[in-house]
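**Q** structure for this input, please:
(one chain, ligands or ions: 1)
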Amino acid sequence: MAPVAVVDRRWSVGQNVDMTDDRGAEVVLEHIMTTRAMRRFTDAPVDDAVILECLRAAQQAPSGGNVQPQQYLVVTAPEARARVGHWYGRAYHRYEASLADPAEFRSDDDRRSWERTRDASRHLADNMADVPVLVLFLQPKIAWGSEDAEGPLDIGRLDASVYPAVQNFCLAARAYGLGTALTTVIRVYTAEVLDELGVPADRYEIAALVPVGYPIGRFGVARRKPVEAVTHWNRFGDRRR
Ligand SMILES: Cc1cc2nc3c(=O)[nH]c(=O)nc-3n(C[C@H](O)[C@H](O)[C@H](O)COP(=O)(O)O)c2cc1C
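**A** Take a look at the predicted model:
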């Protein structure tokens with residue numbers, strides 16, 4: 001697939017759209033429904049301008065109090081990718097070894113699906129350094145929440161204000177024909193990775209590491225629980241089938 005050209009459109013704050021324009025629904029939904037973890041990539045280079053456009057989409061994500069807490073660290077230099085890849089591989093293999101193999105599967109399809117994900121995850125772990133672009137989503141270590149005379153106010157976690165940006169990024173990448181995978185096991189070696197990339201480890205942690213490249217394989221609809229089985233109407237337990 002030929003690379004998709006960068007959108008030639010100026011985005012301006014406050015810009016309104018034609019509310020009767022429904023041309024986007026089909027393609028937007030198709031992209032959402034087919035954005036899944038892609039873990040095998042070609043070595044075709046990815047244009048920095050495309051990455052920036054995807055980060056622009058990330059930056060439009062919602063955040064609590066509109067604090068926009070995240071910073072993006074785009075890693076393209078081969079030696080830096082090698083360092084990140086090294087720590088990712090170590091973290092992933094430790095994590096995989098810590099998991100118990102599922103004792104049994106409900107069906108052969110389930111077993112094959114599990115094996116495909118495991119093989120793809122191992123492939124990514126062993127080849128992270130060769131993915132053309134690695135984007136680290138950094139989140140600041142700041143006090144979050146509030147309190148009043150009655151006590152602490154739980155307003156949700158700070159990372160809830162970062163992951164929408166990650167998903168926006170992945171969706172925008174999908175629109176450009178780029179595969180991504182939201183990964184987090186690198187957190188096992190947060191201190192090492194941040195140190196190697198010059199990030200002050202006392203001020204930031206890693207919310208996600210997203211490898212980006214043109215995928216080997218096709219985008220498609222992934223297996224999920226049926227939405228009806230996990231949707232309750234008005235009262236927990238009241239489902240519509
Ligand atoms: C919070 C979070 C952490 C994840 N961490 C990893 C990871 O470290 N490595 C990895 O290969 N995939 C990781 N994934 C990807 C999931 O395995 C993937 O989304 C899930 O298996 C569904 O994949 P599918 O969309 O291709 O069906 C993570 C996903 C999320 C949301």
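**Q** name the residues of the protein found near the ligand, please.
**A** Counting by C-beta under 6 Å from any ligand atom, the residues of the chain close to the ligand are 36-37, 39, 117, 121, 124, 181-185, 222. In short, each C-beta sits where N, CA and C put it, glycine included.
**Q** which residues does the spatially most central residue of the chain contact?
**A** Geometric centre of the chain, nearest residue: residue 182, 3.1 Å, by C-alpha atoms, centre = their mean. By C-beta atoms under 8 Å, 6 or more residues apart in numbering, the contact set of residue 182 is 37, 163, 166-167, 170, 208, 210.
**Q** quick one: average confidence on the top strand by length along the chain?
**A** Of all the segments of type strand in the chain, defined by DSSP state E, the longest one is strand 204-213. Mean pLDDT, computed over strand 204-213, is 98.
**Q** which helices and strands sit right next to it?
**A** Judged by 3 or more C-beta pairs under 8 Å, 6 or more residues apart in numbering; DSSP states H and E, strand 204-213 is in contact with strand 133-140, helix 163-175, strand 179-180, helix 190-196.
**Q** now with 6 Å?
**A** strand 133-140 (3 or more C-beta pairs under 6 Å, 6 or more residues apart in numbering; DSSP states H and E).
**Q** parallel or antiparallel, list what pairs with the strand it packs on.
**A** Strand 133-140 pairs in its sheet with strand 71-75 (antiparallel), strand 204-213 (antiparallel), by DSSP bridges.
**Q** point out the most buried one among these.
**A** By mean neighbour count, with neighbours taken as mean count of other C-beta atoms under 10 Å, strand 204-213 ranks first of the strands paired with strand 133-140 at a mean of 23.
**Q** how about the CA coordinates for the longest strand of the chain, as PDB?
**A** Output of strand 204-213 as PDB, limited to C-alpha atoms (Å, rounded to 0.1, in the frame of the first residue of the first chain):
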ATOM      1  CA  TYR A 204       8.100  11.500  34.400                       C
ATOM      2  CA  GLU A 205       6.900   8.000  34.000                       C
ATOM      3  CA  ILE A 206       6.000   6.000  30.900                       C
ATOM      4  CA  ALA A 207       2.300   5.700  30.200                       C
ATOM      5  CA  ALA A 208       2.800   3.800  26.900                       C
ATOM      6  CA  LEU A 209       5.300   2.800  24.300                       C
ATOM      7  CA  VAL A 210       3.800   2.800  20.800                       C
ATOM      8  CA  PRO A 211       5.700   1.200  17.900                       C
ATOM      9  CA  VAL A 212       4.700   2.700  14.600                       C
ATOM     10  CA  GLY A 213       5.300   1.400  11.100                       C
END
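**Q** pull out the buried residues from stretch 43-52.
**A** Using 16 or more other C-beta atoms under 10 Å as the test for burial, stretch 43-52 gives 46-47, 50-51.
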